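>>> let me see the structure of the following:
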Amino acid sequence: MTTFSKTIFFKLTILSVADVYMYAARLQKEYLNDLEPSFINECLHFKGHLKSNGSDAPNTIQDMCAFIRQKNVVNIYPYIDISLRMLLCTPISNCSTERSFSGLKRVKSYLRSCSKENRLNSLAMMTIEADLTSKIDYNCVIEEFATLKCRKKC
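Numbers count the residues shown, from 1 in each chain. Model prediction:
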C-alpha cells in the first residue's frame, strides 16, 4: 500500500471531502482488482460515520477494523474492510531483505576467490536462512554424508 492509502485512513476524519475523494480515487485505481469504484463513496460515507462518533472514533487501522466488526457494518463498508485488511497485511519494513544482502556480502567477500557459483549460492541460502540452519542436528548430516562418500580401502 502506498503513502496516500495510509494518509486517507490515518487522517480520514480531518481531511476535506475533496481530499478524501482524491485519495480514495487514487487508491481504487491502484487496486482495480480488489476495490470497486463504489470504494470512493464508501470512504466518504465512512468519514461521516466516524465523525458522528466524535471522540469515540478509532484512530489506528487496527481499531478501524475492530470498529467495523463491532458495529456490524462490514456489509455497508465491504471495500473499506478489504483496504484496511490489505494495509494491515502490508509489511512496513524491509529489514529481513537488508539482513539477507548483508549476509550475502559477508559470504561473498570471504569466499569470492575460491568458490564456484553453485557453492556460493548454497552458502548464501544457509546464511539467509540462519534461523533454520541453527536448528539442524549436524551429527545426523555428518553421518549421512559419511555413508554416501565412503572411500575406505578394504
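>>> when you work out contacts or count neighbours from here on, use the C-alpha atoms and nothing else.
Noted.
>>> Lys51 touches Leu12, doesn't it?
No - assessed by CA atoms under 8 Å, Lys51 is found out of contact with Leu12, at 9.1 Å.
>>> among those two, which residue is more densely surrounded?
Leu12 (21 against 15; other CA atoms under 10 Å).
>>> what sits against that one?
Taking CA atoms under 8 Å, 6 or more residues apart in numbering as the criterion, Leu12 is in contact with 20, 47.
>>> give me that answer again for 6 Å
Leu12 makes contacts with Lys47, as judged by CA atoms under 6 Å, 6 or more residues apart in numbering.
>>> helix, strand, or coil at it?
coil (DSSP: H, G, I helix; E, B strand; the rest coil).
>>> look up how far Pro58 lies from it.
Going from Leu12 to Pro58 by CA to CA, to the nearest Å gives 10 Å.
>>> could you pull out the strands in this protein for me?
In the chain, no strands are found when defined by DSSP state E.
>>> and the lowest mean pLDDT element among the helices and strands of it?
When the helices and strands of the chain are scored by mean pLDDT, DSSP states H and E, helix 95-111 comes last with a mean of 62.
>>> would you map the helices across this structure?
3-10, 17-30, 39-52, 61-70, 78-89, 95-111, 117-128, 130-133, 138-148 (DSSP state H).
>>> of the ones you listed, which shows the lowest average pLDDT?
Here the lowest mean pLDDT among the helices of the chain goes to helix 95-111, at a mean of 62.
>>> so Thr127 versus Asn53, what's the distance?
Look at Thr127 and Asn53: by CA to CA, they are 51 Å apart.
>>> of these two, who's got more company?
Counted by other CA under 10 Å, Thr127 and Asn53 do not tie: Thr127 has more neighbours, with 21 against 10.
>>> for Gln28, which non-adjacent residue is closest in space?
Leaving aside its chain neighbours, Gln28 sits nearest to Leu35 (5.5 Å; criterion: CA to CA, 6 or more residues apart in numbering).
>>> for that neighbour, give its distance to Ala130.
In terms of CA to CA, Leu35 sits 39 Å off from Ala130.
>>> ok, Phe10 next?
Relative to Ala130, and taking CA to CA, Phe10 is found at 37 Å.
>>> which one's more surrounded, those two?
Phe10 (16 against 13).
>>> ok, now how distant is that one from Lys29?
The separation that Phe10 has from Lys29, given CA to CA, amounts to 20 Å.
>>> burial of Ile142, as a residue count?
Neighbour number of Ile142 under other CA under 10 Å is 11.
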